[in-house]
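Colleague: Sequence and predicted structure below; questions after.
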Amino acid sequence: MKFSRLILANLFRKKIRLMLTVGSFAVALVLFTFLAVVKSAFSRGTEIAGADRLIVVSRIGLMQLLPISDRDKILAIPGVKAVTHNHWFGGVYQEEKNFFPQFVIDPENQRKVMTELVVPDDQWNNFLKDRQGAIAGARTAERFHWKIGDRIPIKTTLYGGGSSEFNLDGIYHSDRPGGDESQFWLQWKYFDENAPAPVKSTAGWYVVKLDSPDDAVRVAKAIDEKFANSSFETKTETESAFAAYFVKQFGNIELLILTIGSVVFFTLLLVTGNTMAISVRERTSELAVLKAIGFSGRAVLFFVLAESVFIALAGGFLGLTLAYLAIPVIGVALTGLLPPLILSKSLLTLGLGFALFVGAASGLLPGIGAMRMRVVNALRRA
Amino acid sequence: MAIPVVYNVRSVKARWTSTIVAVVGIAGTVGVFVAMLSLARGFKATLVSSGSADNALITRAGATSEMTSGVSIDSVKIIQDAPGIARGADGPLLTPEAVLMAPIPLRSTGTDANVELRGVSPNVLAIRSNIKIVEGRMFRHGLSELVVGKNAKATYSGLTLGSTIWLGSAQWHVVGIFDAGGSAFDSEVWGDAHLLNGAYKRPDTFSQSVTVHLASPAALQQLRDALTADPRLNVDVTREIDYYAKQSTRMTQLITILGGFVAAIMAIGAVFGALNTMYSAVAERGREIATMRALGFNPGSVVLSFLFEALLISFVGGVLGCLAVLPLNGLTTSTMNFQTFSNLAFAFKITFDLLWMGVVFALIMGVLGGMPPAIRAAGRPVASALREL
């Protein structure tokens, strides 16, 4: 590039201002990435939900239990491939802030339904044989430095109160990016033997795997009709609708964070854009000289744009790198409060695109001004 | 000798565009800082104010919330006679409660959200004395009637006075609206515990928790000792206020970490903005500064003068930021309570000390953004600065 030295010299004429402007861009992008990542963590459940799965809960409330005999009735409905049942266990590991979801599962069918949560066969077979066995998600196991064979004490109100120990027989991984690797699975049989009378022979909810996702509406209706007018009516939804139900209840908080964040993000961009406009305005006379010695209006526009785009790109790269480094740290601080924070490639691309757009836009107005200005007037002003 | 303050005020006015940019940056940061903290405080205050120091909550040993707790009717009978419980005209002040959840459509979106249904004993108002019926009347023992918290009435459709609603397998009449002073109970719906258990096909021999009114706040220890020593019982006794304070920790932590991080990033951005403004102020006024130095003002006064200017800008920004979020005070919003999975309404709570913290935060940003340019201004040699065009 013939003029790269001129552009570089202009860029570095005020080093502190350059640093600060690049820094502001970087800050804006860190903020943008962070907010986007948090937002996706809030709605993760809906994004990763299986399209070919239904959740069956009691119609009168989420905490109401369903009879275990429903399992076979659901399985008999055409279009249903497999059924598993879960219970919310709600125990405490060491202290309450060490929260992770604990589910009592049906070992025979869990793997047929939750196909994306993978446990090695030998570990799974050990779990099947072990009444007090447990399977932990990779993220939870890592968080507490558990290894297979450890005995995990869980404080619970069941089993006569106090603490129960479970043997960690296996660790599951999710083969879908962003999948939930925080669950802790326990054996239904052991749970049921020790459950008090109202909980005996029940399921918290059923998860149904379909032959085809296109069948979801029909099968969901068939299940609800089957139990209509029984003493345990059901409400069947796709897994993503079920997850959305929880996300919506968070709704306000998420909206608030996003509103506040976006307002400020745009303020930051305004500030940066303004700085660029000022730096061009300061050099009006120089640009006029360039035009006077024969550079075309377009060339002047190009100089200005190149400068602002360079600043935007430098700030963008810096910001995304910082976000890339900072987000895992924040993720650790939020363990147990939010699903894992994941910085996806598409988000990085979007951020960089955003920076480019703002860089070009903020250079365009002063650049066009410079292109159109009349040399005589500009020189006289200086 | 100090440079007159008027000099700074006039120069801020002369360069108002770049001043505004710096002010907006700082105002935005302070606004978010205060809003986030007030959100966390409001959530906590809502839960903490639900509890009373005069009440004790009895749950099954090891239960983390009422949802995972259970107390049998036999245990309730033993608890009734324990020492330390206040007694009213008709027996001990104690309410064995059933806690359930019901999906009821939200007014705002029409989609269902979980409402906490609490089955209580009819003398509950004597135990939770801070709760008042503001419309209609209390439900009658043995009738399928409900009283609704004022936030629940505002948030969900079909919970106004006089309406009827299907919950579980029964139809209920809303006969009263109660005001629980902005606490978590305001998001709840209350009815007769026996009937609610019946409507949800739950055995009437169990309740989730028992709340008792203590003879005096100090009687807690006496009650706890008596109940935990009793071999027939397996319960935890918690002061009600402590139980609710503990429930708020996860959400408060989440808001504080998220808000803190956002505010920290923005603070960096705002400091950059202030630095930019002050550096260009210094650059534009090279000759002015040199003239002042030549007149006999020492470098210290120049630093002070520029620092004052930065503080002036950041103070205005801080005050504006606080004013901008002040209307949020008392605004009610709702989210899911992690501990109970039910929807909880709460209000932003902006207190004087939060505003104070916001302004101090702004001044700190002002010092960080003003100090380096001020030092540079004072450090330039007078002769060369005067010679500059």
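Modeller: Arrived safely, thanks for sending.
Colleague: Pretty sure residue B:315 sits against residue B:358.
Modeller: No: if you go by CB atoms under 8 Å, residue B:315 and residue B:358 don't touch, sitting 11.1 Å apart. For glycine as for every other residue, the C-beta is placed from the backbone atoms N, C-alpha and C.
Colleague: More neighbours: these two, which one.
Modeller: residue B:358 (26 against 16; other CB atoms under 10 Å in any protein chain shown).
Colleague: quick one: contacts for the more buried one?
Modeller: By CB atoms under 8 Å, 6 or more residues apart in numbering or on different chains, the contact list for residue B:358 reads B:30, B:31, B:33, B:34, B:318, B:321, B:322.
Colleague: How about residue B:8?
Modeller: Neighbour list for residue B:8: B:305, B:308, B:309, B:312 [criterion: CB under 8 Å, 6+ apart].
Colleague: So what's the residue count around the last one?
Modeller: For residue B:312, the number of neighbouring residues by other CB under 10 Å comes to 18.
Colleague: How is it assigned, secondary-structure-wise?
Modeller: At residue B:312, secondary structure determined by DSSP: H, G, I helix; E, B strand; the rest coil is helix.
Colleague: That one and chain A, how far apart?
Modeller: 19 Å (CB to the nearest CB, to the nearest Å).
Colleague: my guess is residue B:230 meets residue B:78, correct?
Modeller: Yes: with contacts defined as CB under 8 Å, residue B:230 counts as touching residue B:78 at a distance of 6.5 Å.
Colleague: Helices of the chain, start to end?
Modeller: No chain was given, so I picked chain A. A:4-11, A:15-42, A:44-48, A:70-75, A:107-113, A:121-129, A:138-143, A:188-194, A:216-227, A:239-282, A:284-292, A:297-333, A:345-372, A:375-381 (DSSP state H).
Colleague: if you could check chain B rather than the one you did, that'd help
Modeller: Counting by DSSP H, chain B has these helices, from start to end: B:5-14, B:16-50, B:73-80, B:124-127, B:150-155, B:193-199, B:220-229, B:240-247, B:249-284, B:286-295, B:299-325, B:352-379, B:382-387.
Colleague: Same list (those helices) but as CSV, adding distance to residue A:358.
Modeller: Shown next, in CSV, are the helices of chain B (distance: least, CB to CB, whole Å):
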stretch, distance to residue A:358
helix B:5-14, 28
helix B:16-50, 15
helix B:73-80, 65
helix B:124-127, 58
helix B:150-155, 39
helix B:193-199, 57
helix B:220-229, 59
helix B:240-247, 43
helix B:249-284, 14
helix B:286-295, 31
helix B:299-325, 23
helix B:352-379, 22
helix B:382-387, 36
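Colleague: And the residue nearest the centre of chain B?
Modeller: With distances taken as CA atoms, centre = their mean, chain B has residue B:42 as the residue nearest its mean C-alpha position (1.6 Å).
Colleague: shaky segments in the stretch 1-150 of chain A?
Modeller: A:1, A:45-50 (pLDDT under 70).
Colleague: how many neighbours does the residue of it found nearest chain B have?
Modeller: When you check the stretch 1-150 of chain A against chain B by CB to the nearest CB, the closest residue turns out to be residue A:27, at 3.8 Å. Residue A:27 sits with 27 neighbouring residues when counted by other CB under 10 Å.
Colleague: All good on my end, thank you.
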